[in-house]
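*Asks:* Here is a sequence with its predicted model. Questions after.
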Amino acid sequence: MMNVHEIPKDKLPITILTGFLGSGKTTLLNYILTEKHGYRIAVIENEFGEVDVDSDLVLASDEEIYQMQNGCICCFVDVRNDLIDVMKKLLAQKDKFDHIIVETSGLADPTPVATAFFADRSVADEVNLDAIVTLVDAKHIDQHLYDPVLDGRDNQAVDQIVAADRIIVNKVDLANETGLAKLEGDLRGLNQTAEILRSEFGVVDLDNILNVNGFQPSYVKERAEILQIDMTAESDHEHHHHHHHGHLHDETVSSISLTFEQPFVLDKLHAVLTAYLDEKGPAIFRTKGILSMAGDDRFYVLQAVHQLFDLRPDHPWQDDQRRSKIVFIGRDLDRDEIERKLSSCLVD
Ligand SMILES: Nc1nc2c(ncn2[C@@H]2O[C@H](COP(=O)(O)OP(=O)(O)OP(=O)(O)O)[C@@H](O)[C@H]2O)c(=O)[nH]1
């Protein structure tokens, strides 16, 4: 597709990739990283949860990947300052990249992330926020858009859609045409201007999401005012005093990370997870894990979004890394119960 927008020359384009937990951000990122589009891409990732699972799930590639894990990118001043510092490092070697993708955590409001690029003059002068691309899980988004627990409170699933310049309705294989048409109508109600695309496993026309010069600052400016974020560029160092107040994601949601040295018994684990997620799935938004199985030299990847889960073998373990890590994100998580149930699936 021809690109009709004029793209600022000499500025490094940045795409903010956002979308609720499990909507398909890493899947889309992996698609982008493996497609031959000719861009050299640096990726900045931020995840919610204590142990790092995401970096194991992003496919190995030549691209540079930076993890930012000490908190949710949208909430903590330090993390946004880290983001600026990572950007400065990237800009110092900007002849190595054509594009930067920032993948936010699934609970992030993208506005503070977007404003971070304007907050520091040396960064603001050299980058162009190309677009905020929001993934929407066609099967699960409704329960977050219309989350009764958040009634009257700030809802990040909504924030992410409202801030979008491109909305990708992903997982169309799990929805029917009537449901998709209704969803697209609802999305249009929240965001009148963003182009709405559909995808299965993140496969979209990349010309329509990268280098589109599609960022529309009006919404972000308005929201930044509500959040009391000053978007005026400051010179170096001053941004360390720059902050807003409070958390910007749903504080009823928390995460539990567990690690296990002993391997699991596959059948037992499968049965226990099926029963547990069936029972608790509505409140467990997301489960991710890299797991060691008895009698198998490959690591297993566990991926669940609410009740829907997938557990499958991947590559052989590398030396010294054989140890399971698993993260649950949701409401009212009972750490002891989860640990007890998982421990009952470990090899004797
Ligand atoms: N059926 C189906 N599953 C999908 C599709 N896209 C992604 N998935 C699955 O959905 C799960 C979550 O996908 P991810 O790409 O990890 O989602 P994410 O947005 O990065 O998740 P967080 O980092 O937790 O916010 C994985 O099991 C994917 O394989 C799709 O189009 N159809």
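*Replies:* Perfect, thanks for sending it.

*Asks:* Show me what from the protein comes close to the ligand.
*Replies:* Within the chain, the residues that sit near the ligand (C-beta under 6 Å from any ligand atom) are 19, 21-27, 47, 54, 106, 170-171, 173-174, 200-202, 286, 303, 305, 310. In this view, the C-beta of every residue, glycine as well, is placed from N, C-alpha and C.

*Asks:* From those residues, which land in strands?
*Replies:* Using DSSP state E, the members of the residues of the chain next to the ligand that fall in strands are 19, 170, 286, 303, 305, 310.

*Asks:* check contacts around the first one.
*Replies:* Applying C-beta atoms under 8 Å, 6 or more residues apart in numbering, one finds that Gly19 lies in contact with 25, 106, 134-137, 160, 168, 170.

*Asks:* which among the residues of the chain next to the ligand end up buried?
*Replies:* Those of these that meet the buried threshold are 19, 21-27, 47, 54, 106, 170-171, 202, 286, 303, 305, by 16 or more other C-beta atoms under 10 Å.

*Asks:* Now Val212. Nearest residue, chain neighbours left out?
*Replies:* Ala131 (5.4 Å; C-beta to C-beta, 6 or more residues apart in numbering).

*Asks:* And the next helix or strand past the host helix or strand of that neighbour?
*Replies:* Per DSSP states H and E, Ala131 falls inside strand 127-137. Next along the chain after strand 127-137, taking DSSP H and E as the criterion, comes helix 141-145.

*Asks:* avg pLDDT for that next one?
*Replies:* For helix 141-145, the mean per-residue pLDDT is 91.

*Asks:* Now do the phi/psi pair for Asp336.
*Replies:* With angles defined as degrees, to the nearest 10, Asp336 sits at phi -60, psi -40.

*Asks:* Report the separation between it and the ligand.
*Replies:* In this view, Asp336 and the ligand are 24 Å apart by C-beta to the nearest ligand atom, to the nearest Å.

*Asks:* In the stretch 101-250 of the chain, which residue sits nearest the ligand?
*Replies:* The minimum distance from the stretch 101-250 of the chain to the ligand, using C-beta to the nearest ligand atom, falls at Gly106 (2.9 Å).

*Asks:* where does the nearest residue to that residue once chain neighbours are set aside land on pLDDT?
*Replies:* With C-beta to C-beta, 6+ apart as the criterion, Gly106 has its nearest non-adjacent residue at 3.3 Å, and that residue is Leu21. Here, the pLDDT recorded for Leu21 equals 92.

*Asks:* Show the contacting residues for Leu21.
*Replies:* Residues in contact with Leu21, defined by C-beta under 8 Å, 6+ apart, are 48, 106-107, 285-286, 305, 329.

*Asks:* Ramachandran angles for it?
*Replies:* Dihedral angles (degrees, to the nearest 10) for Leu21: phi -50, psi 130.

*Asks:* Tell me how far it lies from Ile284.
*Replies:* 10 Å (C-beta to C-beta, to the nearest Å).

*Asks:* Give me the common contacts of those two.
*Replies:* Ile329.

*Asks:* Any regions of the stretch 51-200 of the chain where pLDDT drops low?
*Replies:* 51-79 (pLDDT under 70).

*Asks:* Can you mark which positions in stretch 171-187 are buried?
*Replies:* Buried, per 16+ other C-beta under 10 Å, within stretch 171-187: 171-172, 175, 183-184, 187.

*Asks:* Format those as CSV; extra columns: distance to Ile290.
*Replies:* Converted to CSV, the buried residues of stretch 171-187 look like this (distance: C-beta to C-beta, whole Å):
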residue, distance to Ile290
Lys171, 22
Val172, 28
Ala175, 29
Leu183, 32
Glu184, 35
Leu187, 33
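
*Asks:* you'd agree Asn140 is up against His306?
*Replies:* If you look again at residue 140, you'll see it is His, not Asn. Yes. At 5.9 Å, His140 and His306 qualify as touching, with contact defined as C-beta atoms under 8 Å.

*Asks:* contacting residues around the residue nearest to Val212?
*Replies:* 15-16, 165-166, 209, 212-215.

*Asks:* Between these, identify the one with the most neighbours.
*Replies:* Of all those, Ile16 has the most neighbours under the rule other C-beta atoms under 10 Å, reaching 29 neighbours.

*Asks:* Could you pull up the residues touching the residue lying closest to that residue once chain neighbours are set aside?
*Replies:* The shortest distance from Ile16 to any non-neighbouring residue, by C-beta to C-beta, 6+ apart, is to Ile132 (4.6 Å). Counting by C-beta under 8 Å, 6+ apart, Ile132 touches 15-16, 18, 110, 114, 163-166, 215, 220.
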